[in-house]
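>>> structure for this input, please:
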Amino acid sequence: MNIPTQSNSETLSGFFASDPDNENIYVMHNGRFSGQSRTMQERYLTWSQKVIKPVANTAGDVRYGIVVGQINANTAGSAIARFVENVVQFKDIIRDEKK
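This next block holds a predicted model:
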């Protein structure tokens, strides 16, 4: 999962978001994978039952993403691992369909 470290650039799929109400920090993913179309993003969202949520920055610009996990929680590593495993499973299914 690629996450920018110097900015919140939309050129990479991963990004961080914080909730000002409770100060939680989340790792997010836009649901698009390298080499995949928007149609594939829709298929992934349907298959995984993941939901894209809007996230606004301090300037009010909105970006959309799947909540992968809460960074400031003890479960952050396992949440990220589950997301990555889920994506691998989906890509395997797509690869097998093409055979």
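
>>> Asn30 is in contact with Ile66, correct?
Yes - look at Ile66 against Asn30 with Cβ atoms under 8 Å: they come within range, at 7.5 Å. C-beta coordinates here come from the backbone N, C-alpha and C atoms, glycine included.

>>> so what's Arg32 closest to, chain neighbours aside?
Spatial nearest neighbour of Arg32, chain neighbours left out: Gln41 (5.0 Å); criterion: Cβ to Cβ, 6 or more residues apart in numbering.

>>> which residue is nearest the middle of this protein?
In the chain, the centroid-proximal residue (Cα atoms, centre = their mean) is His29; its distance is 1.6 Å.

>>> so what's it up against?
Shown in contact with His29 (Cβ atoms under 8 Å, 6 or more residues apart in numbering): 1, 13-15, 65-66, 68, 83.

>>> restricted to buried residues, select those in PyMOL.
Typed into PyMOL, the line below selects the buried ones among the contacts of His29, using 16 or more other Cβ atoms under 10 Å:
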select buried, resi 13+14+15+65+66+68+83
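
>>> quick one: which two of the contacts of His29 are the most distant?
Phe15 and Phe83 (13.5 Å; Cβ to Cβ).

>>> so what's the gap between the lengthiest strand in the chain and the chain middle?
When the chain is scanned for its longest strand (criterion: DSSP state E), the result is strand 62-70. Chain-centre distance of strand 62-70: 6 Å, with Cα atoms, centre = their mean, to the nearest Å.
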